[in-house]
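Novice: Sharing a sequence plus its predicted fold:
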Amino acid sequence: MEFRRSAEGRVERAVDVRASDIATSTFGWAVGALSQLLGVPGVQTVAVSSMGADGQRGSVILVHLHSTVETETIADGSGGFGAGLLSENDEFGSSIAGLGDLDGDGSQDMAVGARGYDGLTSDDGAIWILFLRSGRLDVSRDRVIGW
């Protein structure tokens, strides 16, 4: 994925992706705004889901928008998220919501849905509460399992 800014300052997305990748990644299924996650004035962050990534384990991509565009990925085993927490067909990223600063560290936190997560029964679903840290991606995990 490649991002660039137009002469007018708008962020444009240029992507070279095969049609088969688009059909399975569901990039952009859910989007949530997280203001000043990095703690730098003028830098806004958008969380974008790709719930079909990695065998439908799913992922969330944090896109930091400023003079350059940087991305970080939260997925099974990456971005501070523990390995083996997600399984195939969990669809982590099926929903995203900014929650404000729940833990008082000055950074926005967010909820991420995983509609196919297997809890007490198959496909119960779960909501992961992700506590994000200013200036770096440091995710501690908690989850609320659907009922």
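Specialist: Nice, thanks for sending it over.

Novice: residues touching Ala75, list them.
Specialist: 53-54, 57-60, 81, 86, 92 (C-beta atoms under 8 Å, 6 or more residues apart in numbering). C-beta: built from backbone N, CA, C; applies to glycine.

Novice: Likewise for Val43?
Specialist: Counting by C-beta under 8 Å, 6+ apart, Val43 has contacts 36-37, 64-66.

Novice: and it, backbone torsions?
Specialist: When quoted as degrees, to the nearest 10, the phi and psi of Val43 stand at phi -100, psi 120.

Novice: re earlier: narrow the contacts of Ala75 to those in helices?
Specialist: With helices taken from DSSP state H, the overlap with the contacts of Ala75 comprises 53-54.

Novice: Kindly indicate the member of the contacts of Ala75 with the most neighbours.
Specialist: Gly58 (31 neighbours; other C-beta atoms under 10 Å).

Novice: So that one is in contact with Ser87, correct?
Specialist: No: here Gly58 does not reach Ser87: they are 10.3 Å apart, not a contact under C-beta atoms under 8 Å.

Novice: Can you pull the residues that touch both of these two?
Specialist: If you check Gly58 and Ser87 against C-beta under 8 Å, 6+ apart, no residue is contacted by both.
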